[in-house]
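S.K.: no sequence for this one, just the structure:
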């Protein structure tokens with residue numbers, strides 16, 4: 001029982017910490033990650049109860065569409081933190097160069113999608129966190 005309570009508290013605290021350090025990003029708006037990257041997140045279809053896909057386009061500083069970073073995605077219902085959360089996972093890329101993140105919304109309300117942009121680990125260099133975005137979603 002104590003172990004379960006500790007883990008639940010840890011998960012909630014981590015979610016709270018991430019949201020304190022994340023920038024709120026509007027869907028469909030181009031956002032600057034740093035001097036080298038920018039991105040735009042948009043839904044393939046209007047979000048509704050069930051599965052929806054968040055498509056992320058990433059560009060380098062020259063405006064070329066790329067998939068050079070790892071994006072870690074998670075989501076949760078804002079008013080019920082931890083109750084409907086999805087564990088963080090690496091967002092997959094498509095053959096056409098988009099990052100595609102499936103999101104399963106189980107009820108109406110306000111949701112938050114969190115995207116963490118990281119460099120890819122290479123050789124002995126660990127991945128570096130570059131940016132955290134929180135995207136509000138209402139259904």
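M.R.: It's in. Quick caveat, the model's predicted, so the values are computed rather than measured.
S.K.: so where does the residue positioned nearest the centre of the chain fall, helix or strand?
M.R.: Centrality entry for the chain: nearest residue to the mean C-alpha point is residue 115, 2.1 Å, by CA atoms, centre = their mean. Using DSSP states H and E, residue 115 maps to strand 110-119.
S.K.: now for the helix or strand that comes right after that strand, which elements pack on it?
M.R.: Heading C-terminal from strand 110-119, the first helix or strand you meet, by DSSP H and E, is strand 129-138. Helices and strands touching strand 129-138, by 3 or more CB pairs under 8 Å, 6 or more residues apart in numbering; DSSP states H and E, are helix 2-21, strand 23-24, strand 37-43, strand 110-119. Any C-beta I mention is one placed from the backbone N, CA and C, and that applies to glycine too.
S.K.: hmm, try it at 6 Å
M.R.: Strand 129-138 is packed against strand 110-119, with contacts defined by 3 or more CB pairs under 6 Å, 6 or more residues apart in numbering; DSSP states H and E.
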